[in-house]
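A.B. asks: Sequence and computational prediction follow.
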Amino acid sequence: MNLIPQFNDMSRYLEASDILNFNYPDAMKPDNTQSLEVADLSYVITTYSKDEIDFVKNAYEYVRDKVFHSADIAGKTVTCRASDVLAAKEGICYAKSHLLAAILRANSIPTGFCYQRLILNDETARYHVLHGLNAVYIEKRDKWIRVDARGNKQGVNALFSLDHEQLAFPVRVEKGEEDIPIIFAEPDKNVVQALMNSKTLETLWLNLPVELYAA
């Protein structure tokens with residue numbers, strides 16, 4: 001797939017924000033000291049990574065395997081900000097993509113956001129919603145790759161690969177599903193709004209975004 005960066009300026013894919021709060025003034029602990037848990041984790045991952053590519057793979061596998069998809073564990077917590085996803089160790093696809101981007105950006109790896117439009121459930125919810133994943137710039141290969149940290153389960157086997165993309169869900173064009181080729185520098189506003197405005201997962205399931213904010 002031909003991925004299209006939203007910006008040519010690579011620095012846009014390195015920025016911290018209120019959502020990607022790996023080193024951001026609004027991420028404060030109760031004692032008013034800055035919360036750097038995400039940056040700390042990023043550093044720890046560097047200590048057992050042999051090079052930049054290995055770091056990206058290890059960070060991806062950490063979020064994929066150690067932070068659970070809320071639907072898979074009958075979770076109770078809606079998370080959005082990277083630090084909250086890490087603290088709760090759960091989130092849905094969008095939230096997990098926020099955490100992975102924050103971990104990678106904390107180590108100066110350009111990371112963006114990609115979306116697919118997929119059928120939510122073939123049996124019980126035959127309508128399209130957005131699915132969130134990441135694009136990561138691999139400097140040694142001078143290329144962007146997509147990775148999906150949604151979390152594996154029966155029927156889902158996403159893997160890190162430089163050459164042969166293996167995401168959580170193959171797009172079924174015949175069912176109206178589609179890949180959105182743009183690499184966004186920030187999480188989509190509709191996605192963030194759905195997460196931040198949903199107090200429970202039950203509410204979130206009823207308000208999953210269908211379209212991108214800029215669509």
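C.D. replies: That came through fine.

A.B. asks: buried residues in the longest strand along the chain?
C.D. replies: Across the chain, the strand with the greatest residue count (assigned by DSSP state E) is strand 125-138. For strand 125-138, burial by neighbour count (16 or more other CB atoms under 10 Å) applies to 128-137. To be clear about C-beta, it is placed using only N, CA and C from the backbone, and glycine gets the same treatment.

A.B. asks: which among the residues you listed gets closest to D54?
C.D. replies: D54 lies nearest to V136 out of the buried residues of strand 125-138, by CB to CB, at 12.9 Å.

A.B. asks: Is the closest one in contact with R105, as I believe?
C.D. replies: No: V136 is not in contact with R105 according to CB atoms under 8 Å; the separation is 10.1 Å.

A.B. asks: and for those two, which residues touch both?
C.D. replies: Both V136 and R105 are contacted by T111, under the criterion CB atoms under 8 Å, 6 or more residues apart in numbering.

A.B. asks: Return the backbone torsion pair for the most centrally placed residue in the chain.
C.D. replies: A centroid search over the chain (CA atoms, centre = their mean) returns S97, at 0.8 Å, as the residue closest to the centre. Here is the backbone geometry of S97 (degrees, to the nearest 10): phi -70, psi -30.

A.B. asks: again with K89
C.D. replies: Dihedral angles (degrees, to the nearest 10) for K89: phi 60, psi 30.

A.B. asks: give the contact list for the spatially closest residue to it that is not a sequence neighbour.
C.D. replies: Leaving aside its chain neighbours, K89 sits nearest to V67 (5.4 Å; criterion: CB to CB, 6 or more residues apart in numbering). Taking CB under 8 Å, 6+ apart as the contact definition, V67 lies against 85-86, 89-91, 96, 99, 149, 151.

A.B. asks: Give me the buried entries from those.
C.D. replies: 85-86, 90-91, 96, 99, 149, 151.

A.B. asks: Name the strands paired with the host helix or strand of R117 and say parallel or antiparallel.
C.D. replies: Element membership for R117 (DSSP states H and E) is strand 111-121. Paired strands of strand 111-121, with direction, are strand 125-138 (antiparallel), strand 178-184 (antiparallel) (DSSP bridges).

A.B. asks: lowest-confidence stretch among those?
C.D. replies: Comparing mean pLDDT across the strands paired with strand 111-121, the weakest is strand 125-138, with a mean of 94.

A.B. asks: ok now stretch 148-163, how far from the chain's centre?
C.D. replies: Relative to its parent chain, stretch 148-163 has a centroid offset of 13 Å by CA atoms, centre = their mean, to the nearest Å.

A.B. asks: could you give the mean pLDDT of that stretch?
C.D. replies: Rounded mean pLDDT across stretch 148-163 is 97.

A.B. asks: Next: stretch 17-30.
C.D. replies: 71.

A.B. asks: Which residue ranges of this structure form helices?
C.D. replies: Listed in chain order, the helices of the chain (DSSP state H) span 37-47, 52-66, 82-88, 93-106, 189-197, 201-206.

A.B. asks: so what secondary structure elements neighbour the second one?
C.D. replies: Same thing as helix 52-66. helix 37-47, helix 93-106, strand 125-138 (3 or more CB pairs under 8 Å, 6 or more residues apart in numbering; DSSP states H and E).
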